[in-house]
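Undergrad: Need a 3D model of the following:
(one chain, ligands or ions: 2)
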Amino acid sequence: MTSPFRRSVAEHRAGIKDIVDTAFTNPGTETLVLDRALGRTLAAPLTAPRFLPPWDNSQMDGYAVNTADLGSEPLRVVAPIAAGVGAPALEPGTAAPIMTGAPVPGGANTVIPIEAANPNTFPSTAETTSGFRVRLPAMAEPGTYIRTIGSDIAAGDPVLGAGTLLGPTSLGLLAGLGIGEVTVLRRPEVLLLSTGDELVAPGGELAPGQIHDANTTLLATALEAAGCAVSTVGVLDDSPESFVASLGHALEAGERAYSLVLSSGGISQGAFDVVKEVLINHGIEFGSVAMQPGGPQGAGTLGLPGHAPVAFIAFPGNPVSAYVSYEMFLRPALAEILSLPERQQLTARLTEEVTSMPGKLQVRRGTYSNGTFTPLGGASSHLLAALAASNSFILINEDTTALPAGSDVQALIIGDGS
Ligand SMILES: Nc1nc2c(c(=O)[nH]1)N[C@H]1C(S)=C(S)[C@@H](COP(=O)(O)OP(=O)(O)OC[C@H]3O[C@@H](n4cnc5c(N)ncnc54)[C@H](O)[C@@H]3O)O[C@H]1N2
Ligand code: MOO
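TA: Ligands and ions are numbered 1, 2, ... in the order given. Alright, predicted model coming up:
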């Protein structure tokens, strides 16, 4: 058992980063079809297996011709070239109707859009076979309206680097290159649990004194949005014996070993703070971080008898405290591993005064809009509705007890949902 720690935000953030880095080394890889790979991290660099476009093709519906044949004389029109078929070489002195995306035939070096032709509509098959002729402007430059082979990407060129977070555009590129599957890093497997005998799963009926479990949903979805594979056990009860038994059982239940266990609740000074009471004897340190909300914290490597050691992070139970803890400690640690974008910071003008307790970094929630920040709700950590209406945080440092309206603050934008 160790005595409680007292840490600054920076110290605890570094501690959580160490735990997460160790827990998530060598995640392993898996190969997925493209439409299962959204939000996943590419394991190894990819090069283009072919040219894109794979051959010269037309950018317009029009006539494929050779500029050397363009003059005052109308050209004989030959069979049209549709997208999706190979094209025979163009005979000198002829023009081939060509559709957008169709391969430019050998012998042609430009495409003239149908609008510039005279007549400006394509001939029927019967007209073509009976010697139809078209008059085309003589001014076309070689290469006009031809999308050349490899003008998008050349075979062998690097496509995406290792560590790329796969989004719709990168996945679309891979599909366009004909790559059907990608090898991605396995997601960190996180076991998530809530504690508190007062908690009832959402949808359940409440008895007197009970409330619904918000944290399982709040933290599970935050972790999933960040790219973790989350297993939830719901609420473990507050008796030490059954807590240990249920935790041990949950650790065994997953298909793969968990990289991290994350709990909320049960870690402050209460008479029933089971997480702290039990896990302080199994390798987890508890203490306080100079931050509000999210002061009480716990972290370490859990060594439950009969179970492999596993990284464990304990967040406080108040929902806003739990979410602020995620944003301040866990998400930054996951960001590098999962290639998450850093939270954007924007300078904003405070629309009303905020006060803050000395000695703690205060994280206030509110809305950033057009260069202003409007605080929502107060400092209290039960204000879930104000959190949900917020899109950003401001951080008020330990020495500041009041920020007047009109102050410039840095708004940390958290409202993009990942
Ligand atoms: N004497 C002291 N009391 C408290 C201190 C302190 O320093 N001395 N710290 C306060 C602070 S700050 C926080 S934050 C909380 C943290 O407490 P715990 O982590 O032990 O959390 P609980 O007591 O289990 O719950 C706190 C609060 O949050 C509600 N809760 C818990 N889990 C959930 C959930 N999954 N969904 C929704 N709401 C949840 C719970 O009902 C309590 O209201 O301790 C203060 N006390
Ligand atoms: O620090 Mo607690 O996390 O405010 O409510």
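
Undergrad: Close to ligand 1: what parts of this protein are there?
TA: Taking C-beta under 6 Å from any ligand atom as the contact definition, the chain meets ligand 1 at 194, 196, 198-199, 211, 213-215, 264-270, 273, 293, 295-296, 316-319, 321, 381. Bear in mind the C-beta positions are built from the backbone N, C-alpha and C, glycine included.

Undergrad: Give the PyMOL command for selecting the buried subset of the residues you listed.
TA: Of these, the buried ones can be selected in PyMOL as follows, counting by 16 or more other C-beta atoms under 10 Å:
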select buried, resi 194+196+198+199+213+214+215+264+265+266+267+268+273+293+295+296+316+317+318+319+321+381
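
Undergrad: In the protein, which residue sits closest to ligand 1?
TA: Gly317 (2.5 Å; C-beta to the nearest ligand atom).

Undergrad: from the residues of the chain next to ligand 1, which ones fall inside helices?
TA: 215, 319, 321 (DSSP state H).

Undergrad: Just name the closest of these to ligand 2, please.
TA: Ser321 (3.0 Å).

Undergrad: Does the closest one touch Val289 like I think?
TA: No. If you go by C-beta atoms under 8 Å, Ser321 and Val289 don't touch, sitting 10.6 Å apart.

Undergrad: Near Leu185, how many residues? Count them for me, please.
TA: 22 (other C-beta atoms under 10 Å).

Undergrad: Now it, what are its backbone angles?
TA: phi -70, psi 140 (degrees, to the nearest 10).

Undergrad: bridging residues for it?
TA: Thr29 (DSSP bridges).

Undergrad: which residues sit in contact with it?
TA: 27-29, 40-43 (C-beta atoms under 8 Å, 6 or more residues apart in numbering).

Undergrad: and this structure, which of its residues are near ligand 2?
TA: Within the chain, the positions near ligand 2 by C-beta under 6 Å from any ligand atom are 292-295, 316, 318, 321, 381.

Undergrad: Adding pLDDT as columns, could you present the residues you listed in TSV?
TA: Converted to TSV, these look like this (pLDDT from 0 to 100):
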residue	pLDDT
Gln292	97
Pro293	98
Gly294	97
Gly295	97
Pro316	97
Asn318	97
Ser321	98
Ser381	96
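
Undergrad: And stretch 407-418, what's buried?
TA: So for stretch 407-418, counting by 16+ other C-beta under 10 Å, buried means 407, 409, 411-412, 414.

Undergrad: Relative to Thr221, which of those residues is nearest.
TA: Ile414 (13.3 Å; C-beta to C-beta).

Undergrad: For the closest one, give me its contacts.
TA: Neighbour list for Ile414: 327, 343, 390-393 [criterion: C-beta under 8 Å, 6+ apart].

Undergrad: Check those residues and tell me the two furthest apart.
TA: Arg343 and Ser390 (13.2 Å).

Undergrad: Which one of those two is surrounded by more residues?
TA: Ser390 (22 against 17).

Undergrad: Chain neighbours aside, what residue packs nearest to the more buried one?
TA: Nearest residue to Ser390, sequence neighbours excluded (C-beta to C-beta, 6 or more residues apart in numbering): Arg365, at 4.0 Å.

Undergrad: Which secondary structure state is assigned to the one you found?
TA: Using DSSP: H, G, I helix; E, B strand; the rest coil, the structure places Arg365 in strand.

Undergrad: what do Ser321 and Val289 both touch?
TA: Common contacts of Ser321 and Val289 (C-beta under 8 Å, 6+ apart): Gly295.

Undergrad: pLDDT score for Gly417?
TA: Gly417 is assigned 48 on the pLDDT scale.

Undergrad: ignore the last one, Ala348
TA: 97.
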